[in-house]
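**Q** Fold the following and give me the result.
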Amino acid sequence: MSRDTRVAKRYARALFEVTFAEGKVTETQAELRAIAEAFASDPALRKFVSSPGVSVENKKKVLNSAFEGRVSVPVIRTVDLLIERGRTQLFGELRESYEQISNEALGLADAMVYTAFPLTEEEKSAAAVRFGLLTGKKITIKNIVDKSVLGGAKVVIGNTLYDGSLAGKLARLEKSFERQA
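**A** From the prediction side, this is the model:
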């Protein structure tokens with residue numbers, strides 16, 4: 001884990017504690033996504049906040065006016081803190097860390113489901129229920145079409161892989177033949 005990732009996790013943890021106490025966890029997730037997207041999609045904005053020629057106060061003033069009324073006070077204070085400490089490059093990692101922390105606390109998880117063909121809404125719902133029971137979490141399914149799967153599905157939830165794909169079964173069968181030979 002890089003130093004930036006550890007720092008972003010600390011900021012995310014502090015922000016989560018504040019927003020959890022206020023009951024605004026999901027709203028904060030949306031606000032952080034919007035800010036991270038703004039930074040990711042606008043090179044001029046990134047250049048502005050990273051410019052040593054612009055004072056910290058001017059950076060804060062511009063960003064506060066840009067986000068005023070659209071993001072909560074704890075998020076604005078976090079943005080201000082990142083600007084003051086010269087850590088604006090952490091916005092993306094802060095958002096990711098915040099989502100991980102809040103999803104874990106709220107019992108939510110994303111499942112990346114790799115299939116050879118797109119899943120129907122009914123199949124997505126069935127997979128969400130099945131893996132929700134397996135993990136004890138409320139699962140959100142993100143379907144990714146991957147022709148190399150051949151059939152069946154590979155499901156990734158957090159750091160866990162559930163491989164029920166035809167390609168995975170063939171690979172395991174091949175390994176068992178190699179061990180026997």
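
**Q** shaky segments in this structure?
**A** 1, 181 (pLDDT under 70).

**Q** Let's check: the centremost residue of it is which one?
**A** Glu96 (4.0 Å; C-alpha atoms, centre = their mean).

**Q** That residue: what's it in contact with?
**A** Glu96 makes contacts with Ala8, as judged by C-beta atoms under 8 Å, 6 or more residues apart in numbering. In this view, the C-beta of every residue, glycine as well, is placed from N, C-alpha and C.

**Q** check which helix or strand covers it.
**A** Using DSSP states H and E, Glu96 sits within helix 91-106.

**Q** roughly how far is that helix from the heart of the chain?
**A** How far helix 91-106 lies from its chain's middle: 6 Å, per C-alpha atoms, centre = their mean, to the nearest Å.

**Q** Now the element after that helix, going C-ward?
**A** In N-to-C order, the element after helix 91-106 by DSSP H and E is strand 108-115.

**Q** Next up, the contacts around the spatially closest residue to Ala12 that is not a sequence neighbour.
**A** Spatial nearest neighbour of Ala12, excluding adjacent residues (C-beta to C-beta, 6 or more residues apart in numbering): Ser97 at 3.6 Å. Counting by C-beta under 8 Å, 6+ apart, Ser97 touches 5, 8-9, 11-13.

**Q** Now intersect these with the strands, please.
**A** Judged by DSSP state E, the contacts of Ser97 include no members of strands.

**Q** hang on, Ile35 packs against Ala66?
**A** No - applying C-beta atoms under 8 Å as the test, Ile35 and Ala66 come out as separate, 9.6 Å apart.

**Q** Give the residue from those two that has the larger number of neighbours.
**A** Shown here are Ile35 and Ala66; by other C-beta atoms under 10 Å, Ile35 has more neighbours (24 against 13).

**Q** How about the contacts made by the more buried one?
**A** Here Ile35 is in contact with 67, 71, 75, 79, 91, 95 (C-beta under 8 Å, 6+ apart).

**Q** Checking my notes, the second one in a helix, right?
**A** No - according to DSSP: H, G, I helix; E, B strand; the rest coil, Val71 belongs to no helix; its state is coil.

**Q** count of neighbours near the closest residue to it other than its chain neighbours?
**A** Among residues not flanking Val71 along the chain, Glu31 sits closest, at 4.3 Å (C-beta to C-beta, 6+ apart). Applying other C-beta under 10 Å, we find 23 other residues in the vicinity of Glu31.
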